[in-house]
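1. Using only what follows, build the 3D model:
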Amino acid sequence: MRFRHFPLHPNTPDEGLTLQELFAGRNIDIPAAQRRMVGLMEQEGLPYGKRTHTFNSRLAQELATWAETQPGGIAIHDALFRAYFVDGQNLASKAVLLSVVKRIGLSIEDATDVLADRKFRERVDADWALSRQYQITGVPTFVADGRGVSGAQPYEVLEQLVTAAGASPG
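-> Residues are numbered from 1 along each chain as shown. Below you'll find the model as predicted:
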């Protein structure tokens with residue numbers, strides 16, 4: 001499995017937007033949507049906080065791409081999930097990102113350089129281009145052998161996807 005990054009709300013300012021601002025004019029019942037998410041997360045045994053804002057995740061994506069090149073760096077994905085979806089932290093903040101790096105035991109100095117120099121910008125740009133090529137419009141999206149399913153899916157749906165792509169069943 002390889003994580004790819006997706007431009008979800010790429011024009012969100014660094015200070016973020018309230019959910020009311022994000023969904024303005026789109027006839028979305030935010031409390032109902034939040035209750036649905038809490039239920040889905042509970043079914044999967046995942047923690048989930050009460051989000052009030054959305055934040056620009058571009059720097060977090062670049063940092064995660066770097067972290068994946070480091071021993072133990074794959075842990076950044078769970079740590080970023082917790083920071084954003086449980087603790088409601090702003091992933092556009094370098095201070096927040098560096099605290100995540102520290103929490104998982106990666107080099108703060110290296111991470112600071114990665115963020116300052118945007119060393120993984122091109123790799124994330126390539127991921128964004130691939131998401132446009134596949135016409136991905138939501139996250140998560142799972143792709144195997146050119147086929148895909150979008151959104152939180154039951155195990156059986158993912159099993160069908162990889163079986164259709166040629167994997168041997170269970």
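2. Sheet partners, orientation included, of the lowest-mean-pLDDT helix or strand in the chain?
-> Of all the helices and strands that make up the chain, the one with the lowest confidence by mean pLDDT, DSSP states H and E is strand 147-150; it has a mean of 82. For strand 147-150, the paired strands and their directions (DSSP bridges) read strand 141-144 (antiparallel).
3. who touches the strand it pairs with?
-> Residues from elsewhere that reach strand 141-144, judged by Cβ atoms under 8 Å, 6 or more residues apart in numbering: 6, 131, 134, 148-151, 153, 158, 161-162, 164-165, 167. For every residue, glycine as well, the C-beta is placed using N, CA and C.
4. List only buried entries from those.
-> Burial by neighbour count, 16 or more other Cβ atoms under 10 Å: within the contacts of strand 141-144 this picks out 6, 131, 161.
5. Can you give me the buried ones in the helix or strand where the second one lies?
-> For residue 131, the host element (DSSP states H and E) is helix 121-133. Within helix 121-133, the residues that qualify as buried by neighbour count (16+ other Cβ under 10 Å) are 123, 124, 127, 128, 131.
6. Show me what that helix is in contact with.
-> Taking contacts as Cβ under 8 Å, 6+ apart, the residues outside helix 121-133 that touch it are 4, 5, 6, 7, 10, 58, 61, 62, 65, 141.
7. So what pairs up with the last one in the strands?
-> When you say that, I think you mean residue 141. Beta bridges link residue 141 to residue 150 when assigned by DSSP bridges.
8. How much space separates it from residue 109?
-> Summarising the geometry, the distance separating residue 141 from residue 109, computed by Cβ to Cβ, to the nearest Å, is 34 Å.
9. per-residue confidence for residue 24?
-> Taken from the predicted model, the pLDDT recorded for residue 24 is 94.
10. Can you report how many residues lie near it?
-> The tally of other residues near residue 24 (other Cβ atoms under 10 Å) stands at 10.
11. Over to residue 136?
-> Number of residues near residue 136 (other Cβ under 10 Å) recorded here: 19.
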